[in-house]
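Asker: A predicted structure for the sequence below; I have some questions about it.
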Amino acid sequence: MFRARLNHAQRTGMQVADCQSCVHLFPEDGSDMDAFPADAQAFVHRFFPTVARLTAQGFEGGPTIKGQFDAAVVHVPRSKQLARHLVNWACQLAPDGIVYVDGAKTQGIESLMKAVKAITPLTGVVSAAHGRLFWFHATGQFALWDASSLREIENGFKTQAGIFSAEHIDPGSAFLAAALEPLSGHIADLGAGWGYLSHHLLSEHPVSSIDLVEGDHAAASCARLNCDDTRAQVFWQGIDSWEAQKSYDHVVMNPPFHEGRKGEPDLGKAFIRKAAGILKKKGKLWMVANRHLPYEETLSQLFVDFRAIAGDKRFKVLLALAPRNTRL
C-alpha cells in the first residue's frame, strides 16, 4: 500500500523528493516501485518468487545490490529485527539521501517509527490505508541495527534475522522428524528453511542424497552451512518454478501457510502438488501441518492412499503413498 500512502502525502502537500535513482528494500510488487518519482528503480528482496516477478516486470535487483542511490524505500517486513536491519541498510545505500519507511499497522510500523524517531528527526509522516509512511535524512546512527551476521542457536545451527524460526528449532519440524521411519534413497526437502529436517536426515537416516528447495535466499544460505554434506544440494528457488532433475523416493516438508499475516492454505496445497509430481511411483510424502489446515482432500486426489501417523493438539503428521498420474 506504499502507493496509496505516497499519493496521500502528495495530495496533502507534503514534500516528496524527486530523485534520479531509488532502491526499494523488500517491495511486494512493481506497482509500489512505480509509485515513486525516480528515473531509475532497483530493488532488494531475498524471496525467489518476488525476485522473479519483479525481474520479469523489468526491474533490476535481487538478494543483494551494489552502488549508491538518491533515495531508499523500506517496505516493512513482519520481522521486527529484519525491519530494523533494513532501515540501517537503506541508510547505507542512500547515504546522502532520504529514507522512506512504509508499512501497515499490523506489521509494527508504529513501534518502528518511534524507534527511528528516538535516534534521528523525521522529515515527514503520513497515515493512510491502515498504515503509515514516514521519512528522514539518511544517517549512520543505525549501525547497531545491523543484523547481517549469522547467529548460532541450539545444537550449533546457523540462522539469520528474518528467516522462519530463526531463534529456535521449529517445533513442527521437530515433531515431523520424530515421526519418520528410517528413510533411504533420494530425498527432496521442500521449503527446507535453514535445513533442520535435512540435517536430521543426513545425521540419523541412511539417505543417498537430499535436495533442499527453499525460496528465502538467507535461509537457503544457512541451509548450506547446516547441511555441509556431499549428499546435500540446496536450491534457492520457488516451489512452482523449481524443476526437479530426478524422481525421489521420499519428500519431506513442513510447508508454509502464511503470506504476510494472512493464512493461505493454498500455499501448502501447491507443495503437495509439487511432491506428487516429483515422487517415484511408489514414493512417499511425509509432511507436518498445523492441525486445522485442510490438506486431506488434496492428498486424496493426488495420492493412492494417505493417513495420519502422528498428532497432538497443535500438529498432525501425514504420510501419503504412491502419487497418482493426475495433476491438479
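Answerer: Received it, and whenever you're ready, just let me know what you need.

Asker: can you give me the strands in the stretch 51-200 of the chain?
Answerer: Using DSSP state E, counting those that start in this stretch, the strands found in the stretch 51-200 of the chain span residues 60-62, 71-75, 98-104, 124-128, 131-137, 151-152, 158-159, 185-190.

Asker: Check the ones you listed for me and report the most buried one.
Answerer: strand 71-75 (a mean of 27; mean count of other CB atoms under 10 Å). The way it works is simple: take the backbone N, C-alpha and C, and place the C-beta from them, glycine included.

Asker: check contacts around Ala219.
Answerer: Gln160, Ile163, Phe164, Ala192, Gly193, Trp194 (CB atoms under 8 Å, 6 or more residues apart in numbering).

Asker: Swap in 10 Å and give it another go.
Answerer: Going by CB atoms under 10 Å, 6 or more residues apart in numbering, Ala219 touches 46-47, 159-160, 162-166, 191-195, 212, 226, 234, 236.

Asker: Same question for Ala179.
Answerer: The neighbours of Ala179, taking CB under 10 Å, 6+ apart as the test, are Trp286, Val288, Ala308, Ile309, Ala310, Gly311, Phe315, Lys316, Val317, Leu318, Leu319.

Asker: quick one: low-confidence ranges for the protein?
Answerer: For the chain, applying pLDDT under 70 flags the ranges 13, 15, 17, 257-265, 326-328.

Asker: continuing past the longest strand seen in it, what's the next helix or strand?
Answerer: Longest strand of the chain, by residue count under DSSP state E: strand 279-290. Going down the chain from strand 279-290, the next helix or strand is helix 296-302, by DSSP states H and E.

Asker: what are the C-alpha coordinates of that following helix, in PDB please?
Answerer: The C-alpha trace of helix 296-302 is given here as PDB (Å, rounded to 0.1, in the frame of the first residue of the first chain):
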ATOM      1  CA  GLU A 296      -6.600 -34.100   3.300                       C
ATOM      2  CA  GLU A 297      -8.800 -33.600   0.200                       C
ATOM      3  CA  THR A 298      -5.800 -32.600  -1.900                       C
ATOM      4  CA  LEU A 299      -3.900 -35.600  -0.700                       C
ATOM      5  CA  SER A 300      -6.700 -38.000  -1.500                       C
ATOM      6  CA  GLN A 301      -6.900 -36.600  -5.100                       C
ATOM      7  CA  LEU A 302      -3.200 -36.800  -5.700                       C
END
